[in-house]
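Participant: The sequence isn't on hand, but the structure is:
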């Protein structure tokens, strides 16, 4: 499949998607579209997929209140994925380019972005609760992969889910 085909598939799920370009570190994480915050699922075919290196999916109302728990610490990401599997919770999860994880959440009401920092096993860990006004790169963006084939987003307010962990 091409990025365009994958973008169509995600848009038909009700997700607002947009093309990404590479950043200075060589990861496809930067929005090509200037006003990406305004994109809806119906806009996918009017975007510059020809020059895309990856796909971004927008959180919040644009995507039916989709949100993401973005774990930016490798050990915490692995432990969180293992915890969810042991708990028989199989939310949609994607491994990122740096072997971290995005947990997909479906909220009733869209949340605002929030960044949280704390110590985890003696190291600084950052977890971003991404929803309104944010996006994440998603598979098949290079170096991103789905962590599980059978998935269902977690259905709850993103902040409540985070506090459960």
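Facilitator: It's in. Note that the coordinates shown come from a computational prediction; the quantities given were computed from them, not determined experimentally.
Participant: What is the longest helix of this protein by residue count?
Facilitator: Counting residues, the longest helix in the chain under DSSP state H turns out to be helix 74-86.
Participant: Determine how far it lies from the middle of the whole chain.
Facilitator: The chain centroid and the centroid of helix 74-86 are separated by 16 Å under C-alpha atoms, centre = their mean, to the nearest Å.
Participant: buried residues in that helix?
Facilitator: Of the residues in helix 74-86, those scored as buried under the neighbour-count criterion (16 or more other C-beta atoms under 10 Å) are 76, 77, 79, 80, 81, 84. Heads up, the C-betas are built off the backbone N, CA and C, glycines and all.
Participant: what does that helix contact?
Facilitator: Residues from elsewhere that reach helix 74-86, judged by C-beta atoms under 8 Å, 6 or more residues apart in numbering: 71, 90-91, 93, 95, 98-101, 103, 120-121, 123, 125, 127, 147, 165.
Participant: could you flag which of those are buried?
Facilitator: Those of the contacts of helix 74-86 that meet the buried threshold are 71, 91, 93, 95, 100, 101, 103, 125, 127, 147, by 16+ other C-beta under 10 Å.
Participant: you'd agree residue 37 is in a helix?
Facilitator: Yes - when the secondary structure is assigned by DSSP: H, G, I helix; E, B strand; the rest coil, residue 37 falls within a helix.
Participant: show me what contacts it?
Facilitator: If a contact means C-beta under 8 Å, 6+ apart, then residue 37 has 58, 62, 133 as its contacts.
Participant: one step back: least confident of the buried ones among the contacts of helix 74-86?
Facilitator: On pLDDT alone, residue 91 ranks lowest of the buried ones among the contacts of helix 74-86, at 84.
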